[in-house]
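Enquirer: Need coordinates for the below:
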Amino acid sequence: MVVEYDTVSNFCPECGGLTQVFYERGETVCKACGLIVDERGLDLSHSGIRAYTKQEKDKKERTGCPISILMPDIGLSTVIDRTKIKNPDLRRAAKWNTHMTWEKRNMLIAITELKRIGSNLNFPERVKKAAVRLYKEVFKRKLLRGRSINGMVAACAYFVCKEEKVPITLQEILDEASINQNIVKKCYKILVRELNLKSPHIDPVSLIPRYCADLGLGIDVEKETITVLQKFIANSSICGKDPKGLCAGAIYLVAKLKNRKISQKEISRVINVTEVTLRSRYKELLNGISFNF
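Expert: Model prediction:
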């Protein structure tokens, strides 16, 4: 955009020629001799000053919101205001322009659901964006035919949480998504198999601080529990074992060694595992490592 200043008040100080403003570079240049009269100009018309009237708001209008993958159309769609169109043919065209294709409708449903789950579980921004990218790849490969959109969204969110080492379990995602566990598991298997992904595992150690805080246990118990779990993982295989069960067994074991009064029932309720699982993991940990407290 090139705009000329007023010819009376804007002259070159060297040759007296007219000046010209280049807003994209923030420079004021003499038309005659090419002298840069001013540089690094600031756009004060869109400053942070509040707008109170319609004219002030129109003057402060910007180019729109930033582009984001968390929007179904990445924030690039155009909305035509039909109230200002008088031609009936153009009004009809504008009406049809508002109709969404199946791809856009699918993305709208999926991204809305993902943002809802992410907001309730406090997903980091990187997890939300990675889950959207993964879902778009699933849609591109046409793996959604005959399958639940919400189920695939939950599967994508769970995979990314494991990959990014965010301490969110499958049960927490299922509770927020309000969908059958078997549907999500099927979608997860299809996701991993068809996209040739390597399924990461949740590190039980990353879950310990949250569970200790929920149980009201001190930092000393948390540190010792992490040490116990790290020793057990280094010396034994945890393949096929529920990370929550390992956390429950380790917390109960350390609490018992530290003489902290906490029941198996309370730990099972907070961590959402059965008491049978807790006792099984407790015995494995007790027999698998030696303790030096």
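
Enquirer: what's the closest non-adjacent residue to Ala51?
Expert: Closest residue to Ala51 apart from its sequence neighbours, by C-beta to C-beta, 6 or more residues apart in numbering: Lys57 at 4.4 Å. (Each C-beta comes from the backbone N, C-alpha and C, glycine too.)

Enquirer: Three-state assignment for that neighbour, please.
Expert: Secondary structure assignment for Lys57 (DSSP: H, G, I helix; E, B strand; the rest coil): helix.

Enquirer: Count the residues that sit near it.
Expert: Lys57: 11 surrounding residues under other C-beta atoms under 10 Å.

Enquirer: again with Cys15
Expert: Applying other C-beta under 10 Å, we find 12 other residues in the vicinity of Cys15.

Enquirer: in terms of contact, does it touch Val37 like I think?
Expert: No: counting by C-beta atoms under 8 Å, Cys15 stays clear of Val37, with 10.9 Å between them.

Enquirer: Now for those two: what residues contact both?
Expert: Residues touching both Cys15 and Val37 by C-beta atoms under 8 Å, 6 or more residues apart in numbering: Cys30.

Enquirer: Sketch out the low-pLDDT regions of this protein for me.
Expert: Scanning the chain for pLDDT under 70 picks out 1-9, 41-49, 58-66, 73-80, 97-100, 290-293.

Enquirer: how is it carved up into domains?
Expert: 1-62, 102-194, 204-288 (automatic domain parsing).

Enquirer: Quick one: end-to-end distance for the longest one.
Expert: The reference is to domain 102-194. Start-to-end span of domain 102-194 (C-alpha to C-alpha, to the nearest Å) is 22 Å.

Enquirer: try the last one
Expert: With C-alpha to C-alpha applied, domain 204-288 spans 16 Å between its terminal residues.

Enquirer: now that domain: how far from the chain's centre is it?
Expert: Mean-position distance between domain 204-288 and its chain equals 29 Å (C-alpha atoms, centre = their mean, to the nearest Å).

Enquirer: Could you tell me which other helices and strands the helix or strand containing Val160 packs against?
Expert: Secondary structure assigned from DSSP states H and E places Val160 in helix 149-163. Contact here means 3 or more C-beta pairs under 8 Å, 6 or more residues apart in numbering; DSSP states H and E; on that basis helix 149-163 packs against helix 102-121, helix 125-140, helix 170-177, helix 181-194.

Enquirer: now what about that helix, what contacts it?
Expert: In contact with helix 149-163 (C-beta under 8 Å, 6+ apart) are residues 106, 109-110, 113-114, 117-118, 123, 127, 130-131, 134-135, 138, 143-144, 166, 168, 170, 173-174, 177, 179-180, 183-184, 186-188, 191-192, 197, 199-202.

Enquirer: Out of the domains of the chain, the one nearest Ile69 is which?
Expert: Checking the domains of the chain against Ile69 by C-beta to C-beta gives domain 102-194 as the closest, at 5.2 Å.

Enquirer: and that closest one, how far out from the chain's middle?
Expert: That offset, for domain 102-194, works out to 11 Å (C-alpha atoms, centre = their mean).

Enquirer: ends of stretch 134-152, how far apart?
Expert: One end of stretch 134-152 sits 10 Å from the other (C-alpha to C-alpha).

Enquirer: do the same with stretch 231-243
Expert: Terminal residues of stretch 231-243 are spaced 15 Å apart (C-alpha to C-alpha).

Enquirer: Enumerate every residue touching Pro167.
Expert: Ile202, Ser206, Leu207, Arg210.

Enquirer: Now which of those would you call buried?
Expert: Ile202, Leu207 (16 or more other C-beta atoms under 10 Å).

Enquirer: Could you check the angle the helix holding Val160 makes with helix 170-177?
Expert: Per axes from the mean of the first three to the mean of the last three C-alpha atoms, to 10 degrees, the angle that helix 149-163 makes with helix 170-177 is 150 degrees.
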